[in-house]
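Enquirer: structure for this input, please:
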Amino acid sequence: MTGTHLPYNFHNDQSDVISARFKGPQGSFKLDAAFTLPAAGITALFGPSGCGKTSVLRCIAGLNAMKEGFFSLKGGIWQDQSRFLPAHKRPVGYVFQEASLFPHLSVKQNLVYGQKRSQPLSPSDTARLDQDDVIELLGIGPLLQRSPNKLSGGERQRVAIGRALLSCPSILLMDEPMAALDRFSKNEILPYLERLHDELKIPILYVSHDISEVERLADQMVLMQQGTVKAAGPLQSLLSNPDLSLARMPDAASVLGGTLSAMDDAFGISTIMVSGRPFYVPGVKGPIGHPIRLRIEASDVALSRHMPEGSSSILNTPSVTIETIQPFGDHMANIFLTLGEDLDRQTLIARISNKSLHALDLRTGDRLQAMIKSVSMVR
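Expert: Numbering: from 1, shown residues only. Predicted coordinates:
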C-alpha cells in the first residue's frame with residue numbers, strides 16, 4: 001500500500017467528474033493512464049487485450065495500489081500523494097468476467113449478501129437501492145430460489161450485477177462482463193445493461209475490447225493502448241476522429257444521436273431527426289421525442305455530386321460537407337462528412353475507393369449528397 005489511510009474526504013471541486021491518474025509498473029508493461037470525464041452514464045475503457053484496461057479498474061477499486069496514483073469521484077478523493085482509501089472502504093460495485101456467485105447460496109441469498117456489504121460513505125453520497133427495484137430492473141424475479149448452477153451465463157451475470165448494485169456503490173465497475181458469454185447470452189443481457197444506463201444515477205466504467213458493445217452502450221470512451229490513454233471524451237467524437245485508430249478499423253462506423261419524431265405504422269418506418277435532417281429507419285418504436293442512437297458503417301455510405309434522380313431503394317440521402325479526406329490502405333479513402341451546423345453538428349464517415357474519389361474530384365469543403373444504404377438503431 002502507498003500513502004496513509006485517511007477518512008474519505010469531500011470537497012466542492014470537480015463535483016460532477018471522475019478524475020483518474022495512475023502511473024507505475026504493472027506486470028510486463030508500465031501503466032501511465034490519466035483521464036477526467038463526467039461522472040454520469042457509461043464510460044467505456046476500450047482497447048486491445050493487455051493494454052491496461054483492467055489494471056485501471058483495479059486501481060480505482062483499490063485492489064492495485066500504485067505509488068503514483070490519484071482518483072477522485074464527484075469531488076471525493078480516494079487516493080492522492082498523502083492518502084489511500086483501502087479497497088474494503090471504497091463504495092465500489094465490481095462485476096467481473098465470470099459471475100463468481102456463491103454456489104452454495106440461492107440467487108436471493110447472493111443478493112442479500114450484497115446488501116450486507118453496503119456501506120455508503122455519506123448519506124448524500126449514494127442513494128440506497130431497494131432490493132425489489134434491483135430485481136425488477138434486471139428481470140431476475142423468477143430466479144430468486146434457484147441455485148447459481150442452474151442459471152444460464154446471462155442470468156448469472158444479471159445476478160452478479162444485482163449483487164454489486166445492492167452493495168450501495170458510488171460507482172459500478174464492469175470488467176468485460178460479456179466476454180465469457182455466447183452470442184445468444186450477450187443478446188439476452190444487453191437490454192438490461194441499457195436499462196442500467198437509463199435508470200441508474202451512478203456512473204459506470206465498462207471495460208471492453210468489443211467495439212459493438214461500446215457503440216451500443218457507452219456515452220464516453222477512454223481509448224487505451226500499451227498502458228496509456230490515447231484519447232478520452234464523448235463516444236461519437238472519438239469514433240469519428242481522423243487522428244485516432246477507431247476510424248481506420250475495417251468495420252469503422254459512425255454513431256449518430258437523434259430523436260424519434262414520427263412513425264409510419266403502414267410501412268414500419270420511423271423518422272429520426274439527426275442534426276436537423278430526417279433519417280428513415282425501419283423497426284424503430286417508442287414515444288415521440290425519445291432519444292435514438294443510430295449506427296452507420298462507413299462502407300454503407302456512398303457519395304454523389306447530385307441528388308439521385310428517379311426511384312431508389314435508398315431512403316436516406318442527407319446533404320453533407322467534406323471535412324477531411326484520409327487515405328485508407330492502398331486503394332481506399334475515408335471521407336469525414338459534416339451533418340448539421342454549429343452545436344448540432346455531427347460527423348459521418350464514408351469509405352470509398354480511390355477510383356471514386358478521383359472520378360468525383362472530391363475536395364475538402366465540397367457539398368455532397370450522402371447515400372446511406374443501411375442504418376441500424378443501436379439504442
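
Enquirer: show me where the stretch 1-150 of the chain dips below the pLDDT cut-off.
Expert: Scanning the stretch 1-150 of the chain for pLDDT under 70 picks out 1-14, 116-128.

Enquirer: show me where it has helices.
Expert: All helices of the stretch 1-150 of the chain, identified by DSSP state H, counting those that start in this stretch, fall at 53-61, 107-116, 131-138.

Enquirer: repeat that for the stretch 251-379 of the chain.
Expert: Counting by DSSP H, counting those that start in this stretch, the helices of the stretch 251-379 of the chain are 354-360.

Enquirer: need the contact list for the residue lying closest to residue 48 once chain neighbours are set aside.
Expert: The shortest distance from residue 48 to any non-neighbouring residue, by CB to CB, 6 or more residues apart in numbering, is to residue 209 (5.9 Å). C-betas here are computed from N, CA, C, even on glycine. By CB atoms under 8 Å, 6 or more residues apart in numbering, the contact set of residue 209 is 46, 47, 48, 49, 53, 176.

Enquirer: just the buried ones from these?
Expert: By neighbour count, with 16 or more other CB atoms under 10 Å, those hold 46, 47, 53, 176 as buried.

Enquirer: pLDDT weak spots in the stretch 201-350 of the chain?
Expert: Checking the stretch 201-350 of the chain against pLDDT under 70 turns up 309-311.

Enquirer: okay but residue 43 is in contact with residue 205, surely?
Expert: Yes - between residue 43 and residue 205 there is a contact at 5.3 Å, judged by CB atoms under 8 Å.

Enquirer: next, show the common contact partners of these two.
Expert: residue 18.

Enquirer: okay, the spatially most central residue of the chain and residue 283: tell me how far apart.
Expert: What sits nearest the mean C-alpha location of the chain, by CA atoms, centre = their mean, is residue 218, with 1.7 Å. To residue 283, residue 218 is 23 Å away according to CB to CB, to the nearest Å.

Enquirer: residue 61 too?
Expert: 39 Å.

Enquirer: these two: which is more packed in?
Expert: residue 61 (19 against 9; other CB atoms under 10 Å).

Enquirer: ok, the more buried one - contacts?
Expert: Contacts for residue 61 were tallied using CB under 8 Å, 6+ apart; they are 87, 90, 92, 94, 173.

Enquirer: the residues you listed in strands, which ones?
Expert: 92, 94, 173 (DSSP state E).

Enquirer: on the strand side of things, show who the last one bridges to.
Expert: In other words, residue 173. For residue 173, the beta-bridge partners under DSSP bridges are residue 94, residue 205.

Enquirer: that one reaches residue 93, doesn't it?
Expert: Yes - taking CB under 8 Å as the definition, residue 173 is a contact partner of residue 93 at 6.8 Å.

Enquirer: one step back: in PyMOL, how would I select the buried members of the contacts of residue 61?
Expert: Typed into PyMOL, the line below selects the buried ones among these, using 16+ other CB under 10 Å:
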select buried, resi 90+92+94+173
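
Enquirer: distance to residue 332 for the contacts of residue 61 - can I get that in TSV?
Expert: Shown next, in TSV, are those (distance: CB to CB, whole Å):
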residue	distance to residue 332
87	48
90	47
92	44
94	42
173	38
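
Enquirer: with the contacts of residue 61 in mind, which one is nearest to residue 146?
Expert: Proximity to residue 146 was ranked across these by CB to CB; first place goes to residue 94, at 23.1 Å.

Enquirer: measure that closest one to residue 50 for me?
Expert: For residue 94, the distance to residue 50 - CB to CB - is 20 Å.

Enquirer: ditto for residue 350
Expert: 32 Å.

Enquirer: higher neighbour count, those two?
Expert: Remark: of residue 350 and residue 50, residue 350 carries more neighbours, 26 against 15, as counted by other CB under 10 Å.
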